[in-house]
Structures are given as structure tokens and as C-alpha cells.
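Engineer: sequence and predicted structure are below.
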Amino acid sequence: MTVKALLFDFDGTLLNTNDLIIQTFMHVLNERFPGQYSPKDCLKFLGPSLKQTFSDIAPGEEDTMMAKYREYNELHHDELVTQYPDVVSTLEQLKAMGIKLAIVSTKRNGMIDRGLSVLGASHLFDIRIGTDDVKNVKPDPEPVLLALERLGVNKEEAIMIGDNSHDIEAGHNAGVRAAGVAWAFKGEEYLQQFKPEYILHHMTDLFEIVKAG
């Protein structure tokens, strides 16, 4: 089946936000739980939504914790994010090939837009699905299925690409093929556990995958 659409997670997949996310969690958690968390502890928070994470850490305090997280994150966003090699140039070539491109993220839409602006890739995506668009976030299939509906493509014609278990599972739960990125902070070996159909070692690997169908 021809590949007509590529669905991308954002954080840690297209833009390196890992330092930003970990520093933000450390700022919030050190204030609430002094000395109880290390940067390594924060790795497990990469992927789930903020609401899921803070519900587990501090039940009943989700809204307060999320507000503090967002305040710090937005203040330091632009200075702490970095770009991965050849992301934008690859996206530009894929779009020129007629591939539909989408973001499927557990971020709020406004912060996706901000990240895309920093990346210089706002013009490349047909749609973006964030937490404002769905009731259930990844690994639930809802965001992926909504993206397919808005793009007008079938499950067999799309691939979900991401750096975390939630991305691969959301793709599979929606009946869509999935690809993990080897530059994921948690590493290729971690992602292999979730049996993605593809592992990207470089963004340009997508060309061969798309051509193969």
C-alpha cells in the first residue's frame, strides 16, 4: 500500500526538547518535593501527558503543578530546544513528493505551534493534533484516528513516527504502522520492545520507507 501520510510526534522526534522538559520537571518537582527527584528520574515523564504524569506524582494537585510547569517551560522554551540533523530539509522534500504531513502530540496546540515556529517548519504540516483536539491522548488511538480522518487517508496509507512507547502503541492501536527514531532519549533498544515496523537512524531513512510503500 502506498504511503500517503506521515504522522509525527513532536517532542524528541522533530525538535530536541529533552533538556527543556527535564529541566522544567526538575524545577517544579524540586519546589514541591525537595531532593526527591533526579534528572534520570524524569526520563519516565517523557511521553505521557502532563495530566497523566502529575496525577501519578501528586494526585489532586494536577492543575497547580501543570500551571507551574507551563510557566517555566514557556519562559525557557526557545533557549533550551535544539534541532536534530536534516529534519526540516527532509520534511520539505517529503512534502514536495506529495506526502501529507501531520503532528500528533501530547502537547497543547499553542506550544506545538511555538515549537514549529522555532524549527522553521510551520508551513510544512497539513494538520496538527494536540491535547486541545482530543479527549484521550496517546497511546489511545483517538489522536491518530483523528489525524487520518482530517487528512483523508486510510490506515494502511499512514505511518506514525515517534521517540516513545506511546507513539508506537498509539499507531498500532489505530491499525497504523509505526516507526521509532533511534535518536530517542530512551534509545533504540527501548523502542524495539514495542515492535515498531521501522527504526529511523536518520531522518532521511523516510525516503526509502516511503518509496517502498
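Structural biologist: Here it is on my side, so go on. Numbers count the residues shown, from 1 in each chain.

Engineer: correct me if wrong: Ala178 contacts Asn164.
Structural biologist: No: counting by Cβ atoms under 8 Å, Ala178 sits too far from Asn164 to count as a contact (10.9 Å). The way it works is simple: take the backbone N, C-alpha and C, and place the C-beta from them, glycine included.

Engineer: pLDDT score assigned to Met1?
Structural biologist: For Met1, the pLDDT comes out at 72.

Engineer: got a pLDDT number for the spatially closest residue to it that is not a sequence neighbour?
Structural biologist: Of all residues not flanking Met1 in the chain, Glu156 sits nearest, at 4.1 Å (Cβ to Cβ, 6 or more residues apart in numbering). We have a pLDDT of 97 for Glu156.

Engineer: cool, Leu191 as well?
Structural biologist: Leu191 is assigned a predicted lDDT (pLDDT) of 97.

Engineer: the protein: strands as residue ranges?
Structural biologist: Secondary structure of the chain, counting by DSSP state E: strands at 5-8, 15-16, 82-83, 100-104, 127-129, 158-162, 177-181, 198-200.

Engineer: give me the domain ranges for the chain.
Structural biologist: As given by automatic domain parsing, the domain ranges for the chain are 5-16+82-212, 18-80.

Engineer: any idea how far apart the tips of the shortest one sit?
Structural biologist: Domain 18-80 has an end-to-end distance of 9 Å (Cα to Cα, to the nearest Å).

Engineer: next: the first one.
Structural biologist: Domain 5-16+82-212 has an end-to-end distance of 14 Å (Cα to Cα).

Engineer: centre of the chain to that domain, how far?
Structural biologist: For domain 5-16+82-212, the separation from the chain centroid amounts to 7 Å (computed by Cα atoms, centre = their mean, to the nearest Å).

Engineer: ok, stretch 49-69 next?
Structural biologist: 19 Å.

Engineer: hey, where'd the helices end up in this structure?
Structural biologist: Taking DSSP state H as the test, the helices found in the chain are 18-32, 50-57, 62-80, 87-96, 109-119, 142-151, 165-173, 188-192, 205-212.

Engineer: quick one: closest of those to Pro39.
Structural biologist: The closest approach between Pro39 and any of the helices of the chain, judged by Cβ to Cβ, belongs to helix 18-32 at 5.2 Å.

Engineer: go through the strands of the chain and pick out the most buried.
Structural biologist: Most buried of the strands of the chain by mean neighbour count (mean count of other Cβ atoms under 10 Å) is strand 158-162; its value is a mean of 27.

Engineer: so what secondary structure elements neighbour that one?
Structural biologist: Where contact means 3 or more Cβ pairs under 8 Å, 6 or more residues apart in numbering; DSSP states H and E, strand 158-162 is packed against strand 5-8, helix 142-151, helix 165-173, strand 177-181.

Engineer: one more time with 10 Å, if that's ok
Structural biologist: When contacts are defined as 3 or more Cβ pairs under 10 Å, 6 or more residues apart in numbering; DSSP states H and E, strand 158-162 packs onto strand 5-8, strand 100-104, helix 142-151, helix 165-173, strand 177-181, strand 198-200, helix 205-212.
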